[in-house]
Each structure stands twice: as C-alpha cells, then as structure tokens.
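Novice: Predicted model, plus sequence, below.
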Number of protein chains: 2
Amino acid sequence: MEDLRNTADPRRDDAFATTAARAASIAAELAGEHPADIAEVLDGEEPATASAVLASLPRERQVEILDLPDFDLSSDLIEALPVEEAVHLLTELSADRAADLFRWMDEPARTHLFARLPPATQAELNRLLAWPEHTAGSLMTTEFVTVPSTWSVGETLRYLREIERTRETIYAIYVLDPVSLKLLKAVTLRRLITGEAGQSILSVAPEHDPITADPRMDREDVARLISKYDLLAVPVVDEDAHVLGIVTVDDMIDAIIEEGTEDAQKFGGMEALDEPYMEIAFFAMLKKRAGWLSILFLGEMLTANAMQHFEGELERAIVLTLFIPLIMSSGGNSGSQATSLIIRALALGEVTLKDWWRVALRELPSGLVLGAILATLGMARITAWQLLELHDYGEHWGLVAATVGAALVAIVTFGSLIGSMLPFVLRRLGFDPASASAPFVATFVDVTGLVIYFSVALVILHGTLL
Amino acid sequence: MEDLRNTADPRRDDAFATTAARAASIAAELAGEHPADIAEVLDGEEPATASAVLASLPRERQVEILDLPDFDLSSDLIEALPVEEAVHLLTELSADRAADLFRWMDEPARTHLFARLPPATQAELNRLLAWPEHTAGSLMTTEFVTVPSTWSVGETLRYLREIERTRETIYAIYVLDPVSLKLLKAVTLRRLITGEAGQSILSVAPEHDPITADPRMDREDVARLISKYDLLAVPVVDEDAHVLGIVTVDDMIDAIIEEGTEDAQKFGGMEALDEPYMEIAFFAMLKKRAGWLSILFLGEMLTANAMQHFEGELERAIVLTLFIPLIMSSGGNSGSQATSLIIRALALGEVTLKDWWRVALRELPSGLVLGAILATLGMARITAWQLLELHDYGEHWGLVAATVGAALVAIVTFGSLIGSMLPFVLRRLGFDPASASAPFVATFVDVTGLVIYFSVALVILHGTLL
C-alpha cells in the first residue's frame, strides 16, 4: 500500500514512534527485574529499541546492566549513546569492565571516547589495557579494598560502609604495611564481622600468607588458584608485593566456561568461534571452519600418495583394500582418546611437560592391550565370515586375518603414543595443546597407518599374495 | 642382609617408627600453611604417613582439610581413623562434604560409620543423599543463614557473628516470612553492613525476587544461573518456596571444571575417567577406553561390508580406492566440527532442543560451501598430478576427478548435517549430547560416506570405468 501523506519521510517517523513506544512499554515491564534478566531482554531486541530502553532506565540500573560481563551488546550501546552520556557511564563502570569495552569498541569511537575520559580514569584503563589478553592483568579490576595494618576492626568496618558502592567486591580486604604498602594479609569480611570493634585488623587475619597471582599469569592458572584455595578473589601483585588489582570469582567462572568452549571447538578441529553459534555471521563461521578443514584435507592427501605407492600391491591383493577404512579409523580413534585425556590433564595441571615419559610409559602398554583387543575382534570377524561362507577372502584368508590383526596392534599402539605425545610437543613449541584436535591426530595417524598396514602385509603375505 | 635380632617383627616396628618420625617432621613443617597446601602434600605421601600427619594436626585444621572438595584422600583417611575420631570429624564437616564422603566410602565402613552418627546428622545426610548425582540437591549444603523478615540489620549482624563458624557461607542471608517460612528475599552481607543497625533487614534487600534453583536441576543449569546473575550462592527451594539448601560458587567451579573434563573425554571417544590420568589404576583406565573403542570398531566393521559389496567395482576401477581414505576422513572431520559446535552450544544453553531445524538450516549451506572448497582442492590435486605426469589415473582421469569432487560435496554436507543433528537426537533420547564423540560421528559418517562415494562413482563412471 502506498503512503499518501506528503511529509519528509513518514515511514521513518512511524518507525521511530513505534520504537519509542515499544521501548517505553518494555522499560515499564522490566522495572524491578534483575539486571541480568533485563540484559537478556535487551539482547533479543533491535539495537535501536535496546538503546532506547536502556536510556529510559535509572542511571544506577544502566550501570548495573552494562557492568554484566556476559552482556555482549554493551560496547555497541555505549557507542550509540551521546558522547557526554557515554563518558559518564564509562567512568562509573567497574574498571575491568570499562577496559574490556574499550578492547572491543570500534574505531574511531574508541579513540574519541577515550580522549574525553578524566585523566585519572585514562591512566587506570591504560594500566589494565597494557596486559595481554587472557592474563591475570587483563582480567583484574582496580576497585578493591586495602587498609593499613594499624587499623582496628571497627575502623575497617566504618570504611567499608563508606566505600561499598565503589568496589567490585568487599568480601576480601587486603591489609598493607603502612610504610612500604606491601601486602601483608588478606582478611575476609566474614571473619572481620566476628571481630571486636577495638581489636586490631590483624587479629582476624588467617595465619597463612595471602595467596597471590602474577599479572602475567594465564587465566587457566588463576582459575586453578581460585578453585584450589576456594577464594572469592585473588590479589594480583607485582614483584614488590604491591597489589595491582584483584581477579574475582565471577569473572573467573566466565573465563573458565569460555576456555572450555574454546578447547572443545579446537578439539573438534576448527578455530574457536569466540561468539555464540546462533549469533555468529554465516561467513565468519565458515572462515573459522574452512581453514582447518582445508589444512586437514591437504594433510590427508598424503594418504592418496601412500595408496599410489602401494598401487601394485593393491592390484595383486584387492582383498587388502576391504579393511583399509577399518584399520585407519581404529588408529584415529585410539589417538583421539589419548589426546583428549592428555589435553585435559595438561589443562588441569595433573601432568606437566616433564611428565611426558611417564605418560609414554603408560600409553605404550595401553596401546598394546587395546590393539590386541581390536585385533582379536578383527580376526574373529574375518574367520567367521569365511567359515560361515558369507564372503570369500581367498585361499590365504588366514594370512589376511593375521595381517589385519598385526596391523591393528601396531596402529593402535602407534595412535595411542602419537595422540598422547602431540599435546606435549605442541606445548613445548609454545602452542595451545588443545590445538591437537581429534581430526588432526586422525589425519596424522591415517597416513602413517596406511604405511604400517602395507608394510605388515608385505612381510606376512610375501610369497603368497604379494 | 639378614636381620639377626629376635623380636616379633622388627622390620614392621622400624617401618612404623620411620612413618611416625616422618609424619612428625612433615606436620611441623606444615604448621601455618594453607589447608589446600597441606592437602596437596598429604596427597603425595603414603596413606599411612598421610593419616599420621593428619592425626597430629589440631582438630580445627583437620576439619578444614577434610572439607576441601578437591581432596580425594578424605574418604580413605576417614575410613583409616578410629571410629570415635571419624564420627566426631564427620559431624563437624560441612553437610554437603560429609554426604559426598559417604557417597564414595566403601562398605562396610560406610554403613558402620553412618550408624554411629547422631540421629540429627543422619537425617540431614539422608535428605542430601536422596537427590541424584549432579543435581542441585546433591551439590547443596544445609549450612546456610536464614532470618525472619521481622529482624533488624543489627539483630541479623549479631546473629551472624554467633553462627559464622558453623555456616559454609554467610555472604548470602535468606530472609523468610516469619509465619509461612517461605523465602522472601536474598540479602548480601555487603549490603547488610551498609545498613543502619535499627533499620529492618528488608531495607537492604534488593527489589527483585531471589534467584532460586530446583533440587532436581542439573549442575550445568545451576552453573548457568550462578554465572548469569554473578551469585556467590544460589538457594535451592521446594515447590512451597522453602529453602532446602544452598549451592555455593566454589562448589560450582569444581563442578564446571569436572563437567568440562567429562565432556572432553567423552568427546574424545571414551567413558569419563572420573579420576586424574596419572592416578587412575591402569586396568580401570583400559576398561573405560576399551569399551567405546570396541563398540566403534564393531560399527566400523560395516565399512568392510560396504567395501565387499562394491568389490566388483573396486576390481574394475582400482583407481577409486586411492581416494577412499581422503574422502572418508573429510566426512569425519566436517562432522566432528559440527558436533563440537553443537554440543557446546547445547551445554551453554545457546541453542535448545527446539532449535534443531534452525541449526539444520545453517549446517546445510555450510556443508555445501565447505564441501565445494574441498572438492576444488581435491580435483585440482588430481588434475595437477595427471598433467605434471606425477601419476597416471588412466584415460578417464577427468571423470575420476569429477567423481571425487561430487562425492566430497555430498559427504561433507552429509557429515555436517549428521554431526550437528546427532547431539539433538541424543538429548531427545535422554542421553548426554557429549556422548556424540568425534570418533562416533566419524564412524557413522565413514560407513555412509563409502556408500555415497561408490554410488556417485556408479552414476558418473557408468559406461566408462564401471
């Protein structure tokens, strides 16, 4: 239907009015909801509606929503706001969150907004942005609580009441030497409230030294610290025991889940997506998948070379081709098992680089036993089909069965060894062990498996079929 | 050297004296260390030494160590203690930890010890042990803080000071209706201390209703709640909004990491080990690996049937065999990519069961494009080798290249579709989607891939090679 009114762009006005009306009704509905639930609703709306809804919420609520680490829309919404508004919100966000938003923001908004921030905020953000991604330094926030060791329990509690609003967590209180400002103790709020007001803060401190992290520590290691010591936050300190920031347990949970997703996708034989499956653009996803798939394909092309090399043997003993898929896949499967075990053990710190030979000494007998089990199944299959006359493998069927059995033992052992050693090799070379994906190991073992199979065949069938 | 002294068993006495001396020196060294570090040292000692060290520590320290969720030795150490001692420690442990220890304890120690516990503790443990493993009910602890909504901030703080020692966390305070005992609000300790002593506890409560979990909720869903709302603990409530227990963030971190390990091992094509790689007994590990490996092998045997079925074609066109490994593995790799994507998306709640057709509509074009890319590479390889006279694929080499290309498009598309749909099918049938391991998908796609390859060959090469 044609619009007959003669205004500049009536449809745009209509659209705007609709957005505003929709935004107002959504905002009214959401009043009193948990910020995380509001964020979820905003995530499902058009960007224009989402930013209109956000703008109509109280300032305090806006900060709470933008502060949520899972809320992916934050940097887009900030960019869409008037500059004054955006700068104001950015200074009120927690420092680690603001740093993350600047990491993800597009130019020129990024440079433009950064220049408008107060100098103190700029300096604080620069300190956080200096650390490489996925390190304790990049995950930490600078809004933590420190008190001098000369304070009493009562003084500390009064101080906490004042500054509660401006700190990411007040559950851990860091006690510093009043002169050197070095970290002496970490006191929990729960222990603090059990103390008498007049007592020294040190009277409620634990005996042991505080657990700390280095700013260059990988997030997986920080997660291990937090999990091992059941902490709500871990202080990040420099060489002089000065506290640079803290990493809190909620940021850590997000990091652990993200790390798990990355590892799973890498193990599946692709680049980590970095975005939810249903949200990533179609071609961005294809790019992440096509790269590894093509590399694996090029590697797997070597199987064609191996096959060509043995084409003469293939023609003389076509019966050998029947078991190629069976034998190849067994090597790949045993390799994939071993790799997933070792990647995970390395990630959790259950084994370290220097344990490689211990692992090899476990995988060698494992491979032999597993190979022997599959060899028994394989030879039984051939014998059964031959004796039940389901298929005729020729007069030398016994030797064919022996070839398949011996090849299975060799290939499963080889697969287990290669699969378990590859993560060590990758870590040694400075790569993520999780890059040793199931398809990668399978490809590696496929090519060598074919060579092993034909070599075994040449030995066993020499003088009969070959 | 023979022992010449004539005592009952001098070597045993010596061994005992050595253990005791060693235990004493270790205990002295560990005084003042963090319980998690003491646990780590104990983990590396002989069981006899470990229990001697534990026995020589102060009671309070013993409880802290046995309470650590990662300390696997706890149930063994409890079993090794005198019954009186064990019962006393078990009543002092947090309820969720004591329930876990009973889950892992061997008979008859389990029944024997349980019978000696005070009736109240027995009842409490029975309530926890009734919930299936990996549910919120089985993870929760019953040591939480509740106060009636009629209390003031000051009353609540005084109460917290008294009971701090006996609660797993006091950072979340659950406010109940004084009559119905229904959960009204969850107040954080940080907000509580900012309130005035005379104000009502409700004055520091948030606007929104408390976030709660159902006792039957899976631990992955509980983790999602805790991560989404950045909680330190989530209350587990029954249908009448009565609080049954709480799940704390530190227990959740351990659960998330454990879940990640299980998923990774399953995806690698084996049963989850449930124990660290270097600690699990050799044959226990073999059992977990051999089962799936044998099942996969039996499935893969169908490739031999498929090959036998096409043996006539193989003999006439031996050139086709050269590309079997290449084509099969491409199907497996694309399937493995799709599976790892969807397993993870399902685990994180990014897609749900009803999204299966959306995923299928994404994977179909993805598979076609990825297949076309690999087909181009494959046909280029055959053409190059033929024209550069590196290998002779016969007079119909162009048709062979076309066969390989068409088969790759079909198989990669099929692999992506099967790989993405399998996790949905498994979840629909009530299995863990993570059981759709890379090897499982590869096996599935291998068998069908062979049939697709030969069918394509029959169409394209009909009248020439076949």
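Specialist: Noted; the coordinates are in hand. Residues are numbered from 1 along each chain as shown, chains lettered A, B, ... in the order given.
Novice: Can you find the helix or strand in chain A with the smallest mean pLDDT?
Specialist: With mean pLDDT, DSSP states H and E as the measure, the helix or strand of chain A carrying the lowest mean pLDDT is helix A:10-30 (a mean of 69).
Novice: residues in contact with the spatially most central residue of chain A?
Specialist: Nearest to the geometric centre of chain A sits residue A:259, at 1.6 Å (CA atoms, centre = their mean). With contact set as CB atoms under 8 Å, 6 or more residues apart in numbering or on different chains, residue A:259 has these partners: A:219, A:220, A:223, A:347. C-beta here means a position set from N, CA and C on the backbone, and glycine is covered the same way.
Novice: In CSV, list the C-alpha atoms belonging to the one helix or strand it maps to.
Specialist: In the assignment (DSSP states H and E), residue A:259 maps to helix A:249-267. These are the backbone C-alpha positions of helix A:249-267, laid out as CSV (Å, rounded to 0.1, in the frame of the first residue of the first chain):
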residue,chain,number,x,y,z
VAL,A,249,35.5,-15.4,41.2
ASP,A,250,32.6,-14.4,39.0
ASP,A,251,34.9,-13.1,36.3
MET,A,252,36.8,-16.4,36.7
ILE,A,253,33.7,-18.5,36.1
ASP,A,254,33.1,-16.7,32.8
ALA,A,255,36.7,-17.3,31.9
ILE,A,256,36.6,-21.0,32.7
ILE,A,257,33.4,-21.5,30.6
GLU,A,258,34.9,-19.5,27.7
GLU,A,259,38.1,-21.5,27.9
GLY,A,260,36.1,-24.8,27.9
THR,A,261,34.2,-23.7,24.8
GLU,A,262,37.5,-22.7,23.0
ASP,A,263,39.1,-26.0,23.9
ALA,A,264,36.1,-28.0,22.8
GLN,A,265,35.9,-26.2,19.4
LYS,A,266,39.6,-26.5,18.8
PHE,A,267,39.5,-30.2,19.7
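Novice: Check which element follows it along the chain.
Specialist: Once the chain leaves helix A:249-267, the next helix or strand it forms, by DSSP H and E, is helix A:282-309.
Novice: what angle sits between that next one and helix A:249-267?
Specialist: 40 degrees (axes from the mean of the first three to the mean of the last three CA atoms, to 10 degrees).
Novice: Going by contacts, tell me the helices and strands next to helix A:282-309.
Specialist: Contact here means 3 or more CB pairs under 8 Å, 6 or more residues apart in numbering or on different chains; DSSP states H and E; on that basis helix A:282-309 packs against helix A:438-460, helix B:324-347, helix B:356-387.
Novice: between that helix and helix B:324-347, how big is the angle?
Specialist: Relative orientation of helix A:282-309 versus helix B:324-347 (the same axes, to 10 degrees): 150 degrees.
Novice: what residue ranges in chain A are flagged as low confidence?
Specialist: Counting by pLDDT under 70, chain A contains low-confidence ranges at A:1-17.
Novice: give me that answer again for 50
Specialist: Residues of chain A meeting the criterion pLDDT under 50: A:1-8, A:10.
Novice: Secondary structure element holding the nearest residue to residue A:47 once chain neighbours are set aside?
Specialist: For residue A:47, the nearest residue in space outside its immediate sequence neighbours is residue A:76; the separation is 6.2 Å by CB to CB, 6 or more residues apart in numbering or on different chains. According to DSSP H and E, residue A:76 maps onto helix A:74-80.
Novice: How far does that helix sit from its chain's centre?
Specialist: Counting by CA atoms, centre = their mean, to the nearest Å, helix A:74-80 is centred 25 Å from the centre of its parent chain.
Novice: How far does whatever helix or strand comes next after that helix sit from its chain's centre?
Specialist: Secondary structure here is assigned by DSSP H and E; on that basis, the next helix or strand after helix A:74-80 toward the C-terminus is helix A:83-92. Using CA atoms, centre = their mean, the distance from the centre of helix A:83-92 to the centre of the chain it belongs to is 31 Å.
Novice: Show me what helix A:83-92 packs onto, helices and strands only.
Specialist: By 3+ CB pairs under 8 Å, 6+ apart, helix A:83-92 packs against helix A:59-66, helix A:74-80, helix A:95-104, helix A:109-116.
Novice: got the CA positions of it in PDB?
Specialist: Listed next in PDB are the C-alpha coordinates belonging to helix A:83-92 (Å, rounded to 0.1, in the frame of the first residue of the first chain):
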ATOM      1  CA  VAL A  83      29.200  11.300  23.900                       C
ATOM      2  CA  GLU A  84      28.600  13.100  27.200                       C
ATOM      3  CA  GLU A  85      26.300  10.300  28.400                       C
ATOM      4  CA  ALA A  86      28.800   7.600  27.300                       C
ATOM      5  CA  VAL A  87      31.700   9.200  29.000                       C
ATOM      6  CA  HIS A  88      29.700   9.500  32.200                       C
ATOM      7  CA  LEU A  89      28.700   5.800  32.200                       C
ATOM      8  CA  LEU A  90      32.200   4.600  31.400                       C
ATOM      9  CA  THR A  91      33.600   6.400  34.400                       C
ATOM     10  CA  GLU A  92      31.000   4.700  36.600                       C
END
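Novice: All good on my end, thank you.
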